[in-house]
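# what would the 3D arrangement of this be:
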Amino acid sequence: MEHTVAIEVSHLCKTYDTHKAVDGLSFQVYAGEIFGLLGPNGAGKSTTLRTLITLLHPTSGTASIFGHDTVRDADKVRTLIGYVPQERAIDRFLTGREHLQLLGALYHLSKEEADKRIPELLKLVELEAHADRPAKTYSGGMKRKLDIACGLLPDPKILFLDEPTLGLDVQSRLRIWEYVRMLKARGITVVMTTNYLDEADQLCDRLAIIDGGKIKALSSPTELKVALGGDIVSLTIKETDRIAGLESALKGQPAIRSARATEKGLDIRVESPEKALPAIMEASNRLGCSIEFIQYNRPRLDDVFIAHTGRRIQDELPKENEK
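Predicted coordinates for the structure are as follows:
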């Protein structure tokens, strides 16, 4: 099946002094998909995003939006994209409608076009009833809806979302997810950064796992998990001082692909639980490890991240500015 390429990134690098924030990224984003950049704080996600939206010039390499170079054709690129940053500078005393009107003027929308687009967008993000209230009275979820409406005001072909649910409660996060899926259904290409595993798993058609400015893996969440191979048996062990010994004893055992120590036990990747469990129990008994809890599951995105980066992604609130 042929895909229209919306974004082409080739050997992209961005260096600050001696620090390589982005180190040789190459990937494509297809028109109409939700594409994710998944990684921890400082991985290079936001730097990549800011380069694609023409705010930063790459140190080397190229990026293009529908064939238009982000440096040479920056003005054209800006007519094709919308951007929702982590934190928009919302004026607390302006109403939601006034925010959109102000932004419409900055985008040089005609009065007729603004008068048509703004009510449509307020309806789309369910802020019609709150449009004439000051933004200082909005909840965090409502402010994020206003951010998305602002990003959609220029009618973009591609919408860039930088940590779209950062700091929101669970219900607000789920609502934003609904809007992102709705944007895809309307034919908009969405590129988003996130350090939330569940968000990447639930929303993204494809995602690039980024760590240290490099792409460690790129595919759909399902394909990444299938490619990992093997199911996961997680142990909680009473004697935490014996975890390392059990980890060593299990490595190389038949039907066990890998064992990794966790804070309270082990995550063991197995070919099949039926074959691996007898070996796990035998080694535990031999070493005097009391197993308090056993959990079995298919590979998770967390397991994929660990396999490709050697560590667990921290699902914590990002720092204020990530390079």
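# where in the chain is pLDDT low?
Counting by pLDDT under 70, the chain shows low-confidence ranges at 1, 88-90, 314-323.
# quick one, longest helix in it?
helix 170-185 (DSSP state H).
# run through the neighbouring helices and strands of that helix.
strand 34-38, helix 140-152, strand 189-194, helix 197-203 (3 or more CB pairs under 8 Å, 6 or more residues apart in numbering; DSSP states H and E). From N, CA and C alone the C-beta is placed, and that goes for glycine too.
# go again with 6 Å.
In terms of contacts (3 or more CB pairs under 6 Å, 6 or more residues apart in numbering; DSSP states H and E), helix 170-185 is packed against helix 140-152.
# and the helix it packs on with helix 170-185, angle?
Inter-element angle recorded for helix 140-152 and helix 170-185: 20 degrees (by axes from the mean of the first three to the mean of the last three CA atoms, to 10 degrees).
# contacts for helix 140-152 next, please.
82-84, 88, 96, 103, 121, 125, 127, 159, 168, 172, 176, 179 (CB atoms under 6 Å, 6 or more residues apart in numbering).
# mind doing that once more with 8 Å?
82-85, 88, 90, 96, 99-100, 103, 121-122, 124-127, 130, 135, 138, 159-161, 164-165, 167-169, 171-172, 175-176, 179, 183, 188 (CB atoms under 8 Å, 6 or more residues apart in numbering).
# how far off centre is that helix?
18 Å (CA atoms, centre = their mean, to the nearest Å).
# now swap in stretch 265-282 and tell me
32 Å.
# list the buried residues for it?
265-270, 273, 276-277, 279-280 (16 or more other CB atoms under 10 Å).
# got it, and stretch 238-254?
So, applying 16+ other CB under 10 Å, buried residues of stretch 238-254: 242-243, 246-247, 249-250, 253.
# what comes up buried for stretch 134-154?
Applying 16+ other CB under 10 Å to stretch 134-154 flags 135, 138, 141-154 as buried.
# widest-spaced pair of those?
Among those, the pair separated by the greatest distance (CB to CB) is G141 and P154, at 23.1 Å.
# now the strands for the stretch 201-323 of the chain?
With DSSP state E, counting those that start in this stretch, the ranges of strands along the stretch 201-323 of the chain come out as 206-211, 214-219, 231-237, 256-261, 265-270, 291-297.
# can you tell me which of those strands comes nearest to N195?
Ranking those by proximity to N195 (CB to CB) places strand 206-211 first, at 10.1 Å.
# can you redo the strands of the stretch 201-323 of the chain as CSV with distance to L55?
Below are the strands of the stretch 201-323 of the chain laid out as CSV (distance: least, CB to CB, whole Å):
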stretch, distance to L55
strand 206-211, 18
strand 214-219, 21
strand 231-237, 40
strand 256-261, 39
strand 265-270, 39
strand 291-297, 40
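# which ones are touching the spatially most central residue of the chain?
The centre of the chain sits closest to T194, judged by CA atoms, centre = their mean, with a distance of 2.7 Å. With contact set as CB under 8 Å, 6+ apart, T194 has these partners: 36-38, 45, 163-165, 200.
# swap the cut-off to 6 Å and go again
38, 200.
# what do you get for Y30?
Per CB under 6 Å, 6+ apart, neighbours of Y30: H3.
# the same query, at a cut-off of 10 Å, please.
2-7, 189, 205-206 (CB atoms under 10 Å, 6 or more residues apart in numbering).
# drop anything exposed from the residues you listed.
For those, buried by 16+ other CB under 10 Å: 6-7, 189, 206.
# need those residues in a markdown table (columns: distance to L228).
Formatted as a markdown table, these follow (distance: CB to CB, whole Å):
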| residue | distance to L228 |
| --- | --- |
| A6 | 28 |
| I7 | 27 |
| T189 | 28 |
| R206 | 16 |
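# between these, which is nearest L235?
Using CB to CB, the buried ones among the contacts of Y30 come closest to L235 at R206, 32.8 Å.
# burial count for the residue nearest to that closest one when sequence neighbours are not counted?
Closest residue to R206 apart from its sequence neighbours, by CB to CB, 6 or more residues apart in numbering: S220 at 5.2 Å. Residues near S220, counting by other CB atoms under 10 Å, number 13.
# next: C289.
There are 24 residues near C289, going by other CB under 10 Å.
# so how far is E163 from the residue nearest to the centre of the chain?
To E163, T194 is 6 Å away according to CB to CB, to the nearest Å.
# one more: I188?
18 Å.
# helices or strands up against the helix or strand where C13 lies?
Here C13 sits within strand 5-16, counting by DSSP states H and E. Counting contacts by 3 or more CB pairs under 10 Å, 6 or more residues apart in numbering; DSSP states H and E, strand 5-16 packs against strand 19-30, helix 45-52, strand 60-65, strand 158-162, strand 189-194.
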